[in-house]
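Chemist: make a model of this:
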Amino acid sequence: MYRKQFILICLLSALVFFISCEKEVLIETGHPEKLCLNCILNPDSLVTASLTLSRDVENSSNFNTVDNATLELYTDNGFHDTLVSLGSGRYQLNHQPLEGVSYNMVVNHNGRNKIRATTTVPGRASVSWITDTTHISSPASGSRVFVRVDMSVHDNPNETNYYWMKSIETNAVFIDDFNRDIDTESKYGYVYYSYIRFSDIGYNGQDMDLTFERRSGIKWYLWSCDTHYDQYLKSTYKARLNAEKDLPFREPVQIYSNIENGYGIFGAVAATQIKF
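Modeler: Numbers count the residues shown, from 1 in each chain. Purely as a prediction, here's the structure:
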């Protein structure tokens with residue numbers, strides 16, 4: 001008798017617990033439109049940017065582009081130049097950003113708050129590698145050569161670095177596991193979604209070694225990102241994982257933005273080309 005009463009009390013307590021854990025979340029809509037700037041500086045390319053107006057989350061229409069704004073680029077030495085409108089919300093400046101230089105973008109548009117953001121172009125990663133042929137595929141599949149790659153990233157001790165590279169199978173301990181997925185058929189039992197990410201936090205000024213296998217003759221890139229572009233990429237891929245993966249306890253992801261009084265991203269990246 002007492003045992004039945006005890007079980008009943010436990011069941012009722014559990015029911016009350018789960019009911020109390022439910023929380024109603026109200027999503028606010030109807031926010032006023034703001035300018036949305038997207039600009040990633042790259043020392044290998046001209047300065048390009050896009051400018052649109054934000055839209056309500058319940059609005060599925062295309063973003064409205066903004067062509068009549070003034071986009072000014074500054075450095076630590078002061079005003080540098082004004083971007084030229086190309087139409088359809090696109091702007092360009094005939095200038096290739098310089099590694100190690102900090103840039104400030106200021107956007108003016110009649111009737112809207114001025115927006116601004118700052119970024120510093122990182123230096124290219126210093127990388128060395130050696131390869132050793134592991135096997136050659138059959139002629140039927142094109143006689144492709146596969147190599148084992150022993151790669152070292154020589155970290156710059158004078159700056160904080162955030163590195164991104166196309167996904168590989170590696171067991172390097174410094175790889176961020178935010179996009180790691182279990183795969184029992186892979187070499188190490190897991191794979192990384194789309195890209196691998198790692199930083200020099202805890203490894204500043206040291207060599208970071210990776211070993212993996214790749215097909216020979218393919219160009220590869222190691223991206224060195226500033227902190228803003230790094231956080232933007234990470235939040236974007238977290239949101240994409242939420243949308244594409246069946247994660248039972250996933251949490252909403254806020255896409256990172258460093259735009260003051262607006263939305264979007266003003267970041268920088270420098271790419272190091274590698275060919276195995």
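Chemist: need the residues that contact stretch 150-166.
Modeler: With contact meaning C-beta atoms under 8 Å, 6 or more residues apart in numbering, stretch 150-166 is reached by 122-123, 125-132, 194-201, 203-212, 220-227, 230, 233, 274. Quick note: C-beta positions are derived from backbone N, CA and C, even for glycine.
Chemist: what's the answer for stretch 90-102, then?
Modeler: Here stretch 90-102 makes contact (C-beta under 8 Å, 6+ apart) with 41-51, 69, 71, 73, 75-76, 80-86, 103, 118-124, 268, 270.
Chemist: can I have the buried ones of the residues you listed as a PyMOL selection?
Modeler: Those of these that count as buried under 16 or more other C-beta atoms under 10 Å are selected in PyMOL with:
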select buried, resi 41+42+43+47+48+49+50+51+69+71+73+80+83+85+103+119+120+121+122+123+124+268+270
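Chemist: from the contacts of stretch 90-102, which land in helices?
Modeler: Taking DSSP state H, every one of the contacts of stretch 90-102 sits outside helices.
Chemist: can you list the strands that the longest strand anywhere in the chain pairs with?
Modeler: Counting residues, the longest strand found in the chain (DSSP state E) is strand 263-275. Here strand 263-275 is paired, per DSSP bridges, with strand 35-41 (parallel), strand 219-225 (antiparallel).
Chemist: all strands of the stretch 51-200 of the chain, in order?
Modeler: Counting by DSSP state E, counting those that start in this stretch, the stretch 51-200 of the chain has these strands, from start to end: 70-75, 78-82, 84-87, 90-93, 102-108, 115-120, 126-136, 145-154, 162-166, 180-182, 190-192, 195-199.
Chemist: just the mean pLDDT for the second one, thanks.
Modeler: Along strand 78-82, the predicted local confidence has a mean pLDDT of 96.
Chemist: which secondary structure elements does it contact?
Modeler: strand 70-75 (3 or more C-beta pairs under 8 Å, 6 or more residues apart in numbering; DSSP states H and E).
Chemist: kindly report the same for the first one.
Modeler: The contact analysis (3+ C-beta pairs under 8 Å, 6+ apart) places strand 70-75 against strand 47-53, strand 78-82, strand 102-108.
Chemist: just to revisit the earlier point, what comes up buried for the longest strand of the chain?
Modeler: 263-272, 274.
Chemist: Throw those into CSV and include pLDDT and distance to L93, thanks.
Modeler: Listed next are the buried residues of strand 263-275 as CSV, based on pLDDT from 0 to 100; distance: C-beta to C-beta, whole Å:
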residue, pLDDT, distance to L93
Y263, 95, 21
G264, 96, 17
I265, 97, 17
F266, 98, 13
G267, 98, 16
A268, 98, 14
V269, 98, 17
A270, 97, 18
A271, 96, 20
T272, 95, 24
I274, 90, 29
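Chemist: dump those to TSV, plus distance to N94.
Modeler: Shown next, in TSV, are the buried residues of strand 263-275 (distance: C-beta to C-beta, whole Å):
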residue	distance to N94
Y263	27
G264	22
I265	22
F266	19
G267	21
A268	18
V269	20
A270	20
A271	21
T272	25
I274	29
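Chemist: K238: which of these is nearest?
Modeler: Lowest distance from K238 to the buried residues of strand 263-275 (C-beta to C-beta) belongs to I265, with 14.9 Å.
Chemist: is the closest one in a bridge, and if so with what?
Modeler: N38.
Chemist: tell me which residues touch it, please.
Modeler: 37-40, 117, 228-229, 232, 256-259.
Chemist: before we move on, what about N64?
Modeler: 52-53, 55.
Chemist: who wins for neighbours among these?
Modeler: Of all those, the highest neighbour tally under other C-beta atoms under 10 Å goes to T52, namely 20 neighbours.
Chemist: against K34, how distant is that residue?
Modeler: Going from T52 to K34 by C-beta to C-beta, to the nearest Å gives 10 Å.
Chemist: same check on P252?
Modeler: Counting by C-beta to C-beta - P252 and K34 are separated by 20 Å.
Chemist: the more surrounded of these two?
Modeler: The residue with more neighbours, out of P252 and K34, is K34; 18 against 9, by other C-beta under 10 Å.
Chemist: show me which of the contacts of stretch 150-166 are buried.
Modeler: 122-123, 125, 127, 129, 131, 195-200, 208, 210, 212, 220, 222-227, 230, 233, 274.
Chemist: where in this protein is pLDDT low?
Modeler: 1-31, 56-61, 139-142, 245-250 (pLDDT under 70).
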